[in-house]
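Undergrad: Model the following, please.
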Amino acid sequence: MNDSGTKLVWRSIPGLDPNSCTEREQWKDGRFTGVSTNNFACISAVEKRVEKEFSPSLSQLLNHPLAMVALVPRDAALFAAGAVAGSASKTVTAPLDRIKLLMQTHGLRVGQESAKKGIGFIEAFILIGKEEGLKGYWKGNLPQVIRVIPYSAAQLFAYEAYKKLFSGKDGELSVIGRLAAGACAGMTSTFVTYPLDVLRLRLAVEPGYKTMTEVSLNMIREEGFASFYTGLGASLVGIAPYIAVNFCVFDLVKKALPDKYQKRTEISLATALVSATIATVMCYPLDTVRRQMQMKGSPFKTIFDAFPGIVARDGLLGLYRGFLPNALKTLPNSSIKLTTFDTAKRLIAVGEKELQKFMEENDRKQD
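TA: Got it, this is the predicted structure:
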């Protein structure tokens, strides 16, 4: 079959010897002119094969709905799964995220003297409800949801792409390769969506702002466009090891399990919870540094200024301020995201097998 879909089919003709030949005398105007030889060979027929003929029928798709998933481009299917899971998890855990942000930035907002006292989880929870009501717990969630859709998609897609890039000639990926793929994926997604993260923080912790547009215009007018990338260096340094450890541990633990357990959703959730816990404990101080650098009027310009500055003002525990609500928020977030992505890949693979089976069956019927 050539590129245009045309297939050459060689068929035999019963009783015809392709190697045989016949001779007959040729006469013209009553005079003998010679002998004519006719050679016969195989006769070819050209058939047009159209791929649509092999596509699954509606009844086949209805009986096996997973095959419908394979009709959707793989990237689009993974994008949708990551977007829905990310949006839902962010919305459910938004109150915990708001509390964490207030705990992380309380000292910088109220002044040096009160900074040493900090603010506790219960205190922050009560403060939000008292000052802003029930809606206050979801303040800043819209830009977070808008951000998480491209963020999750970019992160998961980039991770798969980087894994292929860092794999060896035999297709195997080493532990170092997995860590590098996770780090690069985390930095890629962070860079793409960083301005939305800054907007979400400003809207969540700075009083007087009600919409993203209002915050954006004020930042451009007072601080310039560069303010949207304030603290980017700390964010990249913070997210790279977190995603690297999280994704690497998840992949390695799943790979070490027997095959019968790898496909179970509860095992994926447990594995994701373990990997997220390890990554969160290791990388949380960098997140606190990043948040304080993002604040308007922050005295910290680099992470080398922020680390000793926070420790001098709040002590070592200041680096882990807001860790509890962050853990309660991050662990289910990460678990849902990784489990959904892992499940989506399995479903897509099953759907592709179903679709291929139908096409092969229809191909045989057409022949």
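Undergrad: Any chance of the backbone angles for the nearest residue to residue 324 once chain neighbours are set aside?
TA: In space, and not counting its chain neighbours, residue 324 is closest to residue 121: 5.6 Å by Cβ to Cβ, 6 or more residues apart in numbering. To be clear about C-beta, it is placed using only N, CA and C from the backbone, and glycine gets the same treatment. When read as degrees, to the nearest 10, the backbone of residue 121 gives phi -60, psi -50.
Undergrad: mind giving me the domain split of this structure?
TA: Domain assignment of the chain by automatic domain parsing yields the ranges 6-48, 69-350.
Undergrad: which one of these is the most hemmed in?
TA: domain 69-350 (a mean of 18; mean count of other Cβ atoms under 10 Å).
Undergrad: How far does stretch 359-367 sit from its chain's centre?
TA: How far stretch 359-367 lies from its chain's middle: 35 Å, per Cα atoms, centre = their mean, to the nearest Å.
Undergrad: May I see the buried residues of it?
TA: Neighbour-count burial for stretch 359-367, counted by 16 or more other Cβ atoms under 10 Å, picks out 359, 362.
Undergrad: Show me where the stretch 251-367 of the chain dips below the pLDDT cut-off.
TA: 367 (pLDDT under 70).
Undergrad: And the helices in it, which stretches?
TA: With DSSP state H, counting those that start in this stretch, the ranges of helices along the stretch 251-367 of the chain come out as 259-262, 265-294, 303-314, 323-366.
Undergrad: For residue 155, find the nearest of those helices.
TA: For residue 155, the closest of those is helix 323-366, at 8.6 Å, according to Cβ to Cβ.
Undergrad: Which other helices and strands does the closest one contact?
TA: helix 66-71, helix 74-92, helix 94-110, helix 121-132, helix 141-166, helix 232-256, helix 265-294 (3 or more Cβ pairs under 8 Å, 6 or more residues apart in numbering; DSSP states H and E).
Undergrad: quick one: residue 350 and residue 68 touch, right?
TA: No: contact criterion Cβ atoms under 8 Å: residue 350 and residue 68 do not qualify, at 11.6 Å.
Undergrad: Thought residue 67 was touching residue 61, still the case?
TA: Yes: judged on Cβ under 8 Å, residue 61 makes contact with residue 67 at a distance of 5.6 Å.
Undergrad: the more surrounded of those two?
TA: residue 67 (22 against 18; other Cβ atoms under 10 Å).
Undergrad: And the more buried one, how far from residue 341?
TA: Note on residue 67: its distance to residue 341, by Cβ to Cβ, to the nearest Å, is 21 Å.
Undergrad: cool, and residue 122?
TA: From residue 122 over to residue 341 (counting by Cβ to Cβ), the distance is 34 Å.
Undergrad: With distance to residue 362 as extra columns, can I get the helices and strands packed on helix 323-366 in a markdown table?
TA: Putting the helices and strands packed on helix 323-366 into a markdown table (distance: least, Cβ to Cβ, whole Å) gives the following:
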| stretch | distance to residue 362 |
| --- | --- |
| helix 66-71 | 12 |
| helix 74-92 | 22 |
| helix 94-110 | 48 |
| helix 121-132 | 59 |
| helix 141-166 | 31 |
| helix 232-256 | 35 |
| helix 265-294 | 33 |
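Undergrad: closest to residue 212 out of those helices?
TA: Nearest to residue 212, of all those, is helix 141-166, at 5.3 Å by Cβ to Cβ.
Undergrad: list the helices and strands that closest one packs on?
TA: Judged by 3+ Cβ pairs under 8 Å, 6+ apart, the packing partners of helix 141-166 are helix 74-92, helix 94-110, helix 175-205, helix 232-256, helix 323-366.
Undergrad: Could you dump these into TSV and include distance to residue 273?
TA: Converted to TSV, the helices and strands packed on helix 141-166 look like this (distance: least, Cβ to Cβ, whole Å):
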stretch	distance to residue 273
helix 74-92	13
helix 94-110	16
helix 175-205	17
helix 232-256	10
helix 323-366	5
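Undergrad: ok but residue 172 is inside a helix, no?
TA: No: under DSSP: H, G, I helix; E, B strand; the rest coil, residue 172 falls outside any helix and is assigned coil.
Undergrad: heads up, I number from 401, so please use that
TA: Fine by me, first position is 401 from now on; the one you just mentioned is residue 572.
Undergrad: hmm, who's touching stretch 732-740?
TA: Residues outside stretch 732-740 that contact it (Cβ atoms under 8 Å, 6 or more residues apart in numbering): 481-482, 484-486, 488-490, 492-493, 552, 556, 646-647, 650, 665, 668-669, 671-673, 675-676, 679.
Undergrad: Switch the domains of the chain over to JSON lines; also include distance to residue 766.
TA: As requested, the domains of the chain are arranged in JSON lines below (distance: least, Cβ to Cβ, whole Å):
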{"stretch": "domain 406-448", "distance to residue 766": "10"}
{"stretch": "domain 469-750", "distance to residue 766": "20"}
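Undergrad: Quick one: closest of those to residue 764.
TA: Closest of these to residue 764 is domain 406-448, at 14.6 Å (criterion: Cβ to Cβ).
Undergrad: Quick one: mean pLDDT for the closest one?
TA: Across domain 406-448, pLDDT averages out at 50.
Undergrad: With stretch 580-599 instead?
TA: Stretch 580-599 carries an average pLDDT of 88.
Undergrad: export it as CSV, just CAs?
TA: Taking Å, rounded to 0.1, in the frame of the first residue of the first chain, the C-alpha atoms of stretch 580-599 are listed here in CSV:
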residue,chain,number,x,y,z
ALA,A,580,15.9,15.6,36.2
ALA,A,581,12.7,15.1,34.3
GLY,A,582,10.6,16.1,37.3
ALA,A,583,12.8,19.1,38.0
CYS,A,584,12.5,20.4,34.4
ALA,A,585,8.8,19.7,34.3
GLY,A,586,8.3,21.7,37.5
MET,A,587,10.3,24.6,36.3
THR,A,588,8.6,24.7,32.9
SER,A,589,5.1,24.8,34.4
THR,A,590,6.0,27.3,37.0
PHE,A,591,7.5,29.7,34.5
VAL,A,592,4.5,29.5,32.2
THR,A,593,2.0,30.2,34.9
TYR,A,594,3.9,32.3,37.4
PRO,A,595,2.1,35.7,36.9
LEU,A,596,-1.2,34.0,37.8
ASP,A,597,0.4,32.7,41.0
VAL,A,598,1.5,36.2,42.0
LEU,A,599,-1.9,37.6,41.3
